[in-house]
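> what's the 3D shape of this:
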Amino acid sequence: MLTLINANRMRPPIAPIGLEYVAGAAQQQGIEVDVLDLGLCETPHAVLEAHFAQHDPTLIGLSFRNVDDCFWPSAQWFVPELADLVQRLRRLSDAPIVLGGVGFSIFAQRIVEHTGADFGIHGDGEDATTALYRQLQGGRAFEQVDGLLWRRGGRLICNRPAWPNELSLSAQRHTVDNATYFRRGGQCGFETKRGCDRRCLYCADPLSKGHTPRLRSPAEVADEVESLLAQGVNVLHTCDAEFNIPGHHALAICEEFIRRRLGERVRWYAYLAVTPFDRELAGAMQRAGCVGINFTGDAASTPMLEMYRQPHRADDLQRVVRLCRDHGIKVMIDLLLGGPGETPQTAATTIEFIKRIDPDCAGASLGIRIYPGTAMVEAVQSEGPLESNPAIRRKYEGPYDFFKPTFYIARGLGPEPAGLVKDLIAGDPRFFEPTAETPEADATDHNYSDNSELTEAIANGARGAYWDILHQLRSV
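Presented below is the predicted three-dimensional model:
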């Protein structure tokens, strides 16, 4: 038996899509799978004890979606909870433990070392988990399992990441209680591809999913949506890094949805890059059921867009907002303020431009989470020693360690950068403002982790992307 455990207990709850894909792949290979979903448990410790009192699995798989909440100043770090869970499982079962998931893959080696897990899988878990399971039953040739982290003679071995050239996932979503997640979380996710070939300064997505887009068949994606619809789930969100990279694949997905008339039965939201996005894609997305787009805008200041290595410019932002308006699609622009070189002038340029082009809402995130392996590390190190850099923000003691939530806010924004940004926003309700660092500060940002306002709205019947729900609450 393969026991898969969802370790993510963030609220509102997010259905563990990666774990469900792994479960489906294992079942297709004839492996008996049992799913323990701690995200829906009121008493997770009791559930674990009851399960392992009656089951003796060959392998335990732990899905780890989020290393931290990626927000300053909250800086919640979830790795210690994962380590506690691994140790609890050690007391309950002799089965080896393998870790995986998007969050895990960013820090695969560090997390295996920190938690003491037996194995980890860097990259796609579907084939790798099944292959590991078979090796535990037989030859134990662990070097043959792509993505596997394993120990030999006390040394941790890291195989090449599991990023297969072709991507095919189970379209039948029945191993997780998606109906309950929809009721409590307001939406469920689906993937159309993995990997991104862009090299944004700060982004960790290529570290976990690879630099080459790997595309799913449009028919397979549509089958998956129909599987969720059959369970009463009719509001979805893409889990792709950027739905429109590459643009031809996004169009093909929409065309398949349109052919099956899914747009009449489902509402969905997507993350998109600002380019490529044209009238043809906007129209196809609208007809396919898309009702909201969150664009990775980052900035409207040319120097900051160049710093972030974004190919779009301010005029492109204006164009995508206009296209969304023309097609009745709600639009959010996600901004990333405070990167290297940010000044009050560049921040003002961005905020005033966003006000002028009038999206439904804009997220004014302040501070960049620094991930090892990204160009952001080089940019920070070029400024000199971390210990003397006033732009570095953290909440932990001891040596600087990017494994733990460590953020950057440009020193040019002054001693109170959140206050500066709030002054520039000047109470405009379209903006989710950054949270000040003072304990008594009111949160008007869009940190979704443990967001009680959002959770209550969903309990009262709100459905959709979290930014859209929060925006609607402000509009009442």
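> only C-alpha atoms for contact and neighbour calcs from this point on.
Will do.
> Which parts of the stretch 101-250 of the chain are strands?
Remark: strands assigned in the stretch 101-250 of the chain by DSSP state E, counting those that start in this stretch are 119-121, 148-152, 155-158, 188-190, 193-194, 214-215, 235-238.
> Output these as CSV; include the columns mean pLDDT.
Below are the strands of the stretch 101-250 of the chain laid out as CSV (pLDDT from 0 to 100):
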stretch, mean pLDDT
strand 119-121, 98
strand 148-152, 97
strand 155-158, 97
strand 188-190, 97
strand 193-194, 97
strand 214-215, 96
strand 235-238, 98
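> Let me have those strands in JSON lines, adding distance to S449 as columns.
Shown next, in JSON lines, are those (distance: least, C-alpha to C-alpha, whole Å):
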{"stretch": "strand 119-121", "distance to S449": "25"}
{"stretch": "strand 148-152", "distance to S449": "29"}
{"stretch": "strand 155-158", "distance to S449": "31"}
{"stretch": "strand 188-190", "distance to S449": "16"}
{"stretch": "strand 193-194", "distance to S449": "24"}
{"stretch": "strand 214-215", "distance to S449": "29"}
{"stretch": "strand 235-238", "distance to S449": "17"}
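> Could you list the domains of this structure?
According to automatic domain parsing, the chain comprises the domains 2-158, 178-367+409-475.
> Run the chain-centre distance for the first one.
Distance of domain 2-158 from the chain centroid (C-alpha atoms, centre = their mean, to the nearest Å) equals 17 Å.
> okay, how far is it across it, tip to tip?
22 Å (C-alpha to C-alpha, to the nearest Å).
> same deal with the longest one?
In terms of C-alpha to C-alpha, the two terminal residues of domain 178-367+409-475 are separated by 29 Å.
> the helices in the stretch 351-476 of the chain, which residues?
375-381, 417-425, 452-459, 466-475 (DSSP state H, counting those that start in this stretch).
> Next, the buried residues of the last one.
What it means is helix 466-475. Within helix 466-475, the residues that count as buried by 16 or more other C-alpha atoms under 10 Å are Y466, W467, D468, I469, L470, H471.
> go on, stretch 103-111?
Buried residues in stretch 103-111, counted by 16+ other C-alpha under 10 Å: G103, F104, S105, I106, F107, A108, Q109, I111.
> how many neighbours does T43 have?
9 (other C-alpha atoms under 10 Å).
> what do you get for the one 4 residues further on?
As a burial measure, V47 scores 14 neighbours (other C-alpha under 10 Å).
> that older thread, right, so the helices of the stretch 351-476 of the chain: which one is the most enclosed?
helix 417-425 (a mean of 19; mean count of other C-alpha atoms under 10 Å).
> Against which helices or strands is it packed?
helix 344-357 (3 or more C-alpha pairs under 8 Å, 6 or more residues apart in numbering; DSSP states H and E).
> let's go with 6 Å and repeat that
Judged by 3 or more C-alpha pairs under 6 Å, 6 or more residues apart in numbering; DSSP states H and E, helix 417-425 is in contact with no other helix or strand.
> Go ahead and name everything in contact with that helix.
The list of residues contacting helix 417-425 from outside it, by C-alpha atoms under 6 Å, 6 or more residues apart in numbering, reads P434, A436.
> what's the spacing between that helix and its chain's center?
On C-alpha atoms, centre = their mean, the centre of helix 417-425 falls 27 Å from that of its chain.
> orientation of that helix relative to helix 344-357 in degrees?
Calculated by axes from the mean of the first three to the mean of the last three C-alpha atoms, to 10 degrees, helix 417-425 forms an angle of 40 degrees with helix 344-357.
> how about L272, what does it touch?
E242, F243, N244, F295 are the contacts of L272 under C-alpha under 6 Å, 6+ apart.
> Tell me the strands beside the helix or strand hosting it, with direction?
L272 belongs to strand 267-273 when assigned by DSSP states H and E. Partners of strand 267-273 in the sheet, by DSSP bridges, are strand 235-238 (parallel), strand 290-298 (parallel).
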